[in-house]
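Undergrad: following is a predicted model, sequence given first.
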Amino acid sequence: MSFPALHIDTVGTQGPNVVLLHGWGVNNAVFSPLKNALHQYRVHYVDLPGFGLSPNIDGDINQWVQALAQQLPKNAIWIGWSLGGLLATKVAVDFPDSVSTLVTLASSPCFMARDANDALPAWPGILPAVLAQFSTQLNRDLPRTVERFLAIQAMGSDNAKADISQIKQLVLSKPMPSRQALAQGLTMLEEVDLRQQLNQITQPWLRMWGKLDGLVPRRVIQQMPQAENISDILLSKASHAPFISHSDEFLHNLLPWLTKYQQ
């Protein structure tokens, strides 16, 4: 199956390939603060379908993941933030040849809070009413909804106002995301549950969390699988966007870990 070409800004001509996937409501410009720090890599800054300069791709998470796997280098380091982490995790499961190492930032295999069932325990996450409210607001006032979501990204940060200002300036330099893409992304946050597939991930996996994150509670860490290939780092003062709110501490943890697993 072929898909429309996604917009991917590739920076660097040598070094291991790194794929960066942003979260809901934004675009790849949100990662601009990392460009200098990642200069030794060949970094692919992706605009997810319908975000930034990328066209829409119809379907659900399966179609998005297929498109990403087709259009990005094999055997790359995949770094996904929030919704981007969910997508990167799914790529690691479905297309393991694409992902040499996986990094998820403030991300969860299941963003929505869930009650226990026969197969799985109760799960901490976003209350259904919160995502339902976003969905309703999307149809009323798209720019304000995205702005409000950006404000949540920096919740708990010592420099919340500065963080929001920086994110907004970067993100708004590109077109607003399409309504279709925003709705698809919200549906993924509401419905996708990868918990039972996580044991299929055998690649080195770094999971970075913000202790003050209002969207992915730190209680999630205790319920995630543990294995020799997995490392967890909890940034004590960060919330949902640690690479912006605490970029020095974030890079101090990320870069040595990446170096350890370079081929």
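TA: That came through fine. Note that the structure is a prediction, hence the values are computed from the model and not measured. Numbering: from 1, shown residues only.
Undergrad: would you list every one of the strands in the protein?
TA: Applying DSSP state E to the chain gives strands spanning 8-11, 17-21, 42-46, 76-81, 99-105, 205-210, 230-235.
Undergrad: now those as TSV including mean neighbour count and mean pLDDT?
TA: Quick note: C-beta positions are derived from backbone N, CA and C, even for glycine. Formatted as TSV, those follow (neighbours: other Cβ atoms under 10 Å; pLDDT from 0 to 100):
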stretch	mean neighbour count	mean pLDDT
strand 8-11	15	97
strand 17-21	24	98
strand 42-46	23	97
strand 76-81	26	98
strand 99-105	25	98
strand 205-210	23	97
strand 230-235	17	96
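Undergrad: quick one: which of those is nearest residue 149?
TA: Of all the strands of the chain, it is strand 76-81 that lies closest to residue 149, at 13.3 Å by Cβ to Cβ.
Undergrad: pairing partners for that closest one, with directions?
TA: In the sheet, strand 76-81 lines up against strand 17-21 (parallel), strand 99-105 (parallel) (DSSP bridges).
Undergrad: with just CA atoms, put the last one into PDB.
TA: Which is strand 99-105. C-alpha atoms of strand 99-105 as PDB (Å, rounded to 0.1, in the frame of the first residue of the first chain):
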ATOM      1  CA  VAL A  99      13.800   0.500  14.900                       C
ATOM      2  CA  SER A 100      17.300  -0.300  16.300                       C
ATOM      3  CA  THR A 101      16.700   1.500  19.500                       C
ATOM      4  CA  LEU A 102      13.500   3.100  20.900                       C
ATOM      5  CA  VAL A 103      13.100   6.200  23.100                       C
ATOM      6  CA  THR A 104       9.700   7.300  24.400                       C
ATOM      7  CA  LEU A 105       9.300  10.700  26.100                       C
END
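Undergrad: what angle do it and strand 205-210 make?
TA: 10 degrees (axes from the mean of the first three to the mean of the last three Cα atoms, to 10 degrees).
Undergrad: distance from strand 99-105 to the middle of the chain?
TA: Relative to the chain's own centre, strand 99-105 is displaced by 11 Å; criterion: Cα atoms, centre = their mean, to the nearest Å.
Undergrad: next one: stretch 48-62
TA: 14 Å.
Undergrad: over to stretch 16-24?
TA: Here the centre of stretch 16-24 is set off from its chain's centre by 8 Å, with Cα atoms, centre = their mean.
Undergrad: first-to-last residue distance for that stretch?
TA: Start-to-end span of stretch 16-24 (Cα to Cα, to the nearest Å) is 26 Å.
Undergrad: which residues are contacting that stretch?
TA: The contact list for stretch 16-24, computed with Cβ atoms under 8 Å, 6 or more residues apart in numbering, reads 28, 30-31, 34, 38, 41-48, 51, 68, 72-73, 75-85, 87-88, 100, 149, 153, 182, 185-186, 189, 258, 262-263.
Undergrad: please pick the buried ones from these.
TA: With burial judged by 16 or more other Cβ atoms under 10 Å, the buried subset of the contacts of stretch 16-24 is 28, 30-31, 34, 38, 41-48, 51, 68, 72, 76-85, 87-88, 100, 149, 153, 182, 185-186, 189, 258.
Undergrad: for residue 210, give its distance to residue 19.
TA: Separation of residue 210 from residue 19 (Cβ to Cβ, to the nearest Å): 22 Å.
Undergrad: same check on residue 255?
TA: Distance, residue 255 to residue 19, using Cβ to Cβ: 16 Å.
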